[in-house]
Every structure is written in C-alpha cells, then in structure tokens.
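> my questions concern the predicted model and sequence given below.
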Amino acid sequence: MLAPFPRENKSSQPNECRKFVQVYMRNEGWESMINILPQVLVDGLTLGFMYAVVALGYTMVYGILEIINFAHGDIFMVGAFIGTEVLLISDALGALEGMNPFVALFITLIIAMVLTGALGVGIERIAYRPLRGAPRLVPLISAIGVSFLLQDLVRFTEALARNEFYLNSPALFTGSIPIGSIATIPTKGLIVIVIAIVMMIALTLFVNKTKWGIAMRAVAQDQSTASLMTINVNKVIMLTFLIGSSLGGATGVLFAQNYGTIDPYIGFILGLKAFTAAVLGGIGNLRGAMIGGVLLGLLESLSGAFMGPLTNGAFGAEYKDVFAFSILILVLLFKPEGLFGEAVKEKV
Amino acid sequence: MANLAWKSFKGIPLVFTLIWIVAFSAALYLMDKSVIAFLGILSSIVLVYYTNTSKSIKMAIGAIVLLLIIPLVAGENRYYMEVASQVGIYVAMALGLNIVVGFAGLLDLGYVAFFAAGAYAYAIFSTSQANEFIAGNLFPLSGEWFWPFLIVGLIVAAVFGILLGLPVLRVKGDYLAIVTLGFGEIIRIVFNNLDKPINITNGPQGITPIPSPELFGIKMGTPFYFYFIVLFVIAFIVLANIRFEHSRLGRAWIAVREDELAAQSMGISLLNTKLAAFALGASFAGVVGVIFAAKQTFIDPTSFTLMESIGILVMVILGGSGSIPGVVLGAAFVTILQVQLLKEFSNFLHGLQNAGIISLPNQLDPSKFQRLIFGIMLILVALYRPNGLIPAKRKKNNLDAIKKSEFGKEKLGILGRLSQLTSGKQS
C-alpha cells in the first residue's frame, strides 16, 4: 500500500537531523519515513473514519442496553458482502456500464443499509430481547454466538453461490488526487472519509434534534423512567439497532470499496478494534467514539509504517494489532471512562 | 409437566447401565471400527452419573469403564484412543476454565494463551530450539524431562496468569472479556513473530520434533499412553476442583461471582480471590499444554487462536458453568462433535458424492462448520439453558439438623460472651 516515493528534499534536512540519521538510522530510513508520512496519514485517516462509524454502532447499543454487541463487527462484514454482491450482480447484468459511480455507490449503500439494518433488528429481536434482565454474561455469550453464526452463514451462502468466499469488489473509483509533489490521495479513500463524516453528522443531528433522538437519549439515561414518560422502550431499542447496524453495513460497503478483497472473517477483528475506539473515546459517548476511531486508525497506520524502521526491523508492521489491543488494555486500566467520557459511579 | 416428570426421575436403574456397558463393549470388540459402539461406551459415563445407586458404586463402575474397558476394547485401535485422549485434553482444559468462569465468574476469552504458554515451555526446551538463545548446546532434552516439565508448564502458566491478572482484574464483566480476548490475540501474535530479532518460538513455522514422554526407558508416544496421562491429570484437576469448590477460597469465589460489592463488604479481598482463580485456571491449562505439545510433537501458533478459547468457553457454558460433571459432559460432547461426528458426516457426504448421488462443492464440507455450530449452540444455550446441561448444584445446609445438633446449644460470638456475663452476674 505504501508506494516508494522519490527522495527530493535531501538538502532541506537540517544538519543535526543528518547526524541523528547517521547515528541511529541506517540506510537513510529517516528521510524515507518523512516522505511516506503524508501517505501514511491519509491511510490512517481512511481507516480511522471507518473505525469511527463502526464504533458508533457499539457505542449506541452500549449506551442503551449496556451490552457489547459482539455481532456488530459481523454486521459490518455482512454489509461489505451485500454491497459487493450488489455491485457484482449489477456488473454482470451490465448495469454498471455508463452509470455515474457516485449514483452506483449511493444505490449500493442504500441497499446495504436497509438489509443490514433489518438484520440488526432481527438479531436484537431473536438473540438479545429475550435476555433482557438476565445476568450480564448471558447476552454476551449469545452475541458471540450470533457473531460466529453470521460468519459461517455468509461463508456458506458465498460458497454455494460462487464456490469461493473471498470476493473481489469491483472498483467504482480508481483515480487519485495528488497533493503537491509529496503524496497522492486515492479518490476512494477520500470518498470513504467524506461519506463517513456525512453519516456521523447526520447521526449527531438525529440524536440531538429529533424526537426519536431525544427518546433514545432518555432511554439510555433510565429505561424505566423513560417508559413512564410514554416512551416505547422496545421501539427505541429497535431503532437504535436499526441505525447502528445500517451505519455498520454502510461502512462495510466503504471497506470493500477501499480495500478490494473481503472475506467472512474481516468483521471480528475490525469490530474489536472499533470497540477499542469506542472505549478509547468513552463508551456511550458519540463524539468520543468518532474521535477515538480516528485516533486509533492514525495510530495503527503510523505504527504499522514506522515501527519496523524505528526498531531496525526487530518489530515490524505485524505488531500493529498488538499496538491496538495494548491501547485497549491501557485505556481500560487507567482511564476506563475513556478520553471523553465521564466517570460513572457504580449503582448500588 | 415435563418439569414434574424430571423431578420424579430417580435415576437410571443399575441393571440398565450395566447391560448398556456390556452390550456396547461387546459390540465394539466384535465389530471393528464401529463409531456408534465407541460413542456408546463413552456415553456410558453419563449413564453411570445418572444411575440410581450409591456414590462409591458409581465411582467404581466409572473407573472400570475408563481404566479397563476403554483401553482394553479400543486399545488396539489407534484412532479411538486418539479421540479419547483428545477428549481428555479438552475436558482437562474446560475444568481449568471452569474455575475461572464457573466459580469466580470471570469471563476469560484468552484462556488458550496459558495453554500456549505451557505448550511452548515444553516445546522450546525439549527441542534444539532453545539453543538459539541459550549458549552451550545443552538441548534438546530427552523425553524423560516430560515429567518435570509438567510442573514447569504449571508454574510458567501460573506466572503468566498472575502477570496478566494483576493489571487486568481491575476491570470486570464484559470489559474483562474484551481485555482477555485482546491479551490472547497479543500472545498469539507475539508467538507468531518471535522468530526475530532472537529466534525464540520459530515463528509461524512452529517447533518440531517435540519428544514423547519416556518413563524408565519406555517411550510413551502412542495415544494409548497419552490416554492414561490425561486421565491422571483429569483426576487431579477434578479433585482440585472439588476441594477448591468447598474450601474457604472457593466460597469466596462464588461470593465474588454472585455479588462483588457484597463480597467485598464481607471482607473478601477481591484482587486476591480473583487472582487466585486466574492463576489456578491458568496453571491447569499450562499442564495440559505440555501434554498437548508432547502428543502432537509439533506446535505452531495456529493451534492457539481465539477459536480455541471460544471453543473451551462453549464447553464450559454448554455443560453448565460451575458444575464439574456438567463441564466434563460439555467438553466431551463438543470435542466428539468436532473431532468425530462432523468428520463422520463429511465422510458420509463424500461417500455419497463419490457414488454420484449428490454433488457438493468442496467449500460446503460439514467439518468446516465449526463456527456455525458453535454459534447456534451458544445462542440456544443462552436462550433456553443459561445454566447449562447439568446446572451446578448449590450445597444446602439442613438448618434444623444443625440447630438440633450438640453444637447448636452453644451460644457463640458476642451473644455467647453476653450470656456468659449475665449468667456470671446472676450466680
């Protein structure tokens, strides 16, 4: 992903830095690192915004039900598959030819969002609602179950339909935009970022301004009191799952567009990292989830690119997941309320 | 109605159990490679558990089945012993996790990391791998070192458990699940990449050949021997489980599981109690890891994925967390399902396919549907039997009997001293 860039500004390096380079970095690693930095940042932002949108789904469900919806990462994966299938089928039918890629992406997004939203509501209805009020470990276990079920169901259907379960998504956007002479942003990455921002703004407006959004916040605050205020708690929870899952599904489509290849197991680890992002920002807090996601994406991208050169190849990009999980553990240990959350006193 | 029928159920008659055992062992002896007969013998353990007779007779029959009948009837057949020792390994692991999840209520999704610690401890030092970072060409060790390494594996894993537990146990509930999951992944990634800068684990290539255990010069490399080693370890772990369950520590675990706050206000040290559970569960996994490494003679990081952790969790939850017979049943059921039933079903379908009756793409091989089955099982158990197949029994004290006993007359504590004082004044 990281293309080598021509070294141009050799002379612009200050002298001190030169010495540093000579002493600590062999093979002029420092300069090549500076040169790939913009590209790494763009990659990190793209990844980070995807984490952010998926993290929103975790944070919404956690804010209301206080359960970790383990299956959310797999709803994201299902979204990626639905989007890719829509594009593949319409490509096979010849519908994609001559169609404006933006229109195609929009239609794909809508279809994926509707289907994954319905899936999320269905999962809530079958696997979570009967367990409301059960000990907290029980819904967690059924969530892990749903997650596994979805992974194999997708594998099963894809194996039946296409005889393989690694799909290559048709690319709608192939161009790239150069920034000055140092880096190029692939259009698809930019589109991911823009759509993610639009979705996040829309969600924030929805939660803060509309009647249903206020009802959601009320239910998150106190379910029984909210139900006394004539709020239909079940409906609000359904709506939460609908919105969270459809956002996750849409991100899946964007993921498939950005990275090309998808398989049924992409959801679990990405979901875990999105959850990390939600925890980092303070779970139950929308703004925190967004910032946490972007932060985590950037950190991961930077560590993936620079850990190898900085440690002389002892620890390479393969440790970037270790990095993400270590952040999760450290945050949970030292600031469990997250960077932007408020400390909640234990209810007795 | 069904509940009523269950309550009036007193147990299976002893005669029926005996006939069952004799019939199936005869069947297995006469019909070679009959899977059903083998399963029948294995399931006879469950029958023995439910038999309507005294505890000592049940134990005696169980011991006979495990120690004599299974090795005698299936001893010649490597495959059956392989399955049986595999089942045993998972039973032992599940019993270890039962301490963490079942007794102390700490959901640990990275349990397999401790298993890996034990397995790697034996693998690294019993092969020439250790020469990579220890000077002096001392390795490989011979198979006789297997026995001390059971203890080494236990200690290594327990240290791992304490190191992980110290920081991690400050979080609880589903956060703990996530943190342990992350830890498990970290361990796997680290083992997968620790072939540079110093080659410690040999990375994704894995370590081989790990020597089989040796005792007095006898090489114990076949599943037949491992079956007995595992059985011995299981007996040890079950005994430990029972002893711990009714000890002071075990009661503290259960108190913490039920209500942390209440337990804490009764003077239970949360950190010590949880740490003890973590370290104990881990140490059992470490022992089993050493056996696993010796049995496979080859290990690599793919044996220690999240999938394995979840699989062991499924065993505990399906069987009934906190219930020792339940966990044994759950582990045996899941392992047999995985190792044997799915495989048999695939073979059956392959047979049909070869005969040209059905055509099936390779991707639909039923043996690949582990996740689907785990998923369905987890959901169903969570929905319909959240306490598992054999729920844990609470030991009930008969209050009336205690009151009537001779100790009941003594007044204890402040009350006793008060009554002594008042009686002293009166006299």
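Done, it's in.
> any residue of the one helix or strand A:Met307 maps to touching chain B?
Following DSSP states H and E, the helix or strand that holds A:Met307 is helix A:286-310. No: counting by CB under 8 Å from any CB of the partner chain, no contacts exist between helix A:286-310 and chain B, the nearest distance being 11.0 Å. Backbone N, C-alpha and C define where each C-beta goes, glycine included.
> pull out the C-alpha coordinates of the next helix or strand after that helix and format them as PDB.
Past helix A:286-310, heading to the C-terminal end, the next element that is a helix or strand (DSSP H and E) is helix A:320-334. As requested, C-alpha coordinates have been extracted for helix A:320-334 and formatted as PDB (Å, rounded to 0.1, in the frame of the first residue of the first chain):
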ATOM      1  CA  LYS A 320       0.200  -3.200  14.800                       C
ATOM      2  CA  ASP A 321      -2.600  -5.300  16.200                       C
ATOM      3  CA  VAL A 322      -0.700  -5.800  19.400                       C
ATOM      4  CA  PHE A 323      -0.500  -2.000  19.400                       C
ATOM      5  CA  ALA A 324      -4.200  -1.600  19.100                       C
ATOM      6  CA  PHE A 325      -5.000  -4.100  21.800                       C
ATOM      7  CA  SER A 326      -2.400  -2.700  24.100                       C
ATOM      8  CA  ILE A 327      -4.100   0.700  23.800                       C
ATOM      9  CA  LEU A 328      -7.400  -1.000  24.700                       C
ATOM     10  CA  ILE A 329      -5.900  -2.600  27.800                       C
ATOM     11  CA  LEU A 330      -4.100   0.500  28.900                       C
ATOM     12  CA  VAL A 331      -7.200   2.700  28.500                       C
ATOM     13  CA  LEU A 332      -9.400   0.200  30.300                       C
ATOM     14  CA  LEU A 333      -6.900   0.100  33.100                       C
ATOM     15  CA  PHE A 334      -6.000   3.700  33.600                       C
END
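> what residues sit buried inside helix A:320-334?
A:320-325, A:327-329, A:331-332 (16 or more other CB atoms under 10 Å in any protein chain shown).
> any idea of the angle it forms with helix A:286-310?
Relative orientation of helix A:320-334 with respect to helix A:286-310: 130 degrees, computed using axes from the mean of the first three to the mean of the last three CA atoms, to 10 degrees.
> helix A:320-334 packs against which elements?
Identification of packing neighbours for helix A:320-334 by 3 or more CB pairs under 8 Å, 6 or more residues apart in numbering or on different chains; DSSP states H and E yields helix A:266-281, helix A:286-310, helix B:146-168, helix B:174-193.
> other residues contacting that helix?
Outside helix A:320-334, the residues that touch it by CB atoms under 8 Å, 6 or more residues apart in numbering or on different chains are A:269, A:272-273, A:275-276, A:279-280, A:296, A:299-300, A:303-304, A:307, A:338-339, B:167-168, B:170-171, B:175, B:178-179, B:182-183, B:185-186, B:189-190.
> for the record, mean pLDDT for that helix?
What helix A:320-334 shows for mean pLDDT is 81.
> and the residue nearest to B:Leu181 when sequence neighbours are not counted, how far from B:Val327?
The shortest distance from B:Leu181 to any residue other than its chain neighbours is 3.8 Å, reached at B:Leu109 (CB to CB, 6 or more residues apart in numbering or on different chains). In this structure, B:Leu109 and B:Val327 are separated by 17 Å, where distance is defined by CB to CB, to the nearest Å.
> if you count surrounding residues, which of these two has more?
B:Val327 (34 against 25; other CB atoms under 10 Å in any protein chain shown).
> report the buried residues of stretch A:267-283.
Buried residues in stretch A:267-283, defined by neighbour count with 16+ other CB under 10 Å: A:267-268, A:270-283.
> the residues you listed also near chain B: which ones?
Restricting the buried residues of stretch A:267-283 to those near chain B - CB under 8 Å from any CB - leaves A:268, A:272, A:275-276, A:279.
> quick check: next helix or strand after the lengthiest helix in chain A?
Selection of the longest helix in chain A by residue count, based on DSSP state H, yields helix A:29-65. Using DSSP H and E, the helix or strand that follows helix A:29-65 in sequence is helix A:72-92.
> from the contact counts, what lies against that next one?
Counting by 3+ CB pairs under 8 Å, 6+ apart, the elements that helix A:72-92 packs against turn out to be helix A:29-65, helix A:101-123, helix A:137-162, strand A:167-168, helix A:233-259, strand A:261-262, helix A:266-281.
> hmm, try it at 7 Å
helix A:29-65, helix A:101-123, helix A:137-162, helix A:233-259, strand A:261-262, helix A:266-281 (3 or more CB pairs under 7 Å, 6 or more residues apart in numbering or on different chains; DSSP states H and E).
> so where's chain A shaky on pLDDT?
Residue ranges of chain A with pLDDT under 70: A:1-33, A:180-183, A:312-314, A:316, A:341-348.
> nope, the stretch 251-400 of chain B is what I was after
Counting by pLDDT under 70, the stretch 251-400 of chain B contains low-confidence ranges at B:359-364, B:367, B:395.
> and chain A, which residues reach chain B?
Applying CB under 7 Å from any CB of the partner chain, one finds that chain A approaches chain B through A:68, A:127, A:130-131, A:134, A:136-138, A:140-142, A:144-146, A:148-149, A:151-153, A:156, A:159-160, A:163-165, A:275, A:314, A:318-319, A:321-322, A:325-326, A:328-329, A:332-333, A:336, A:348.
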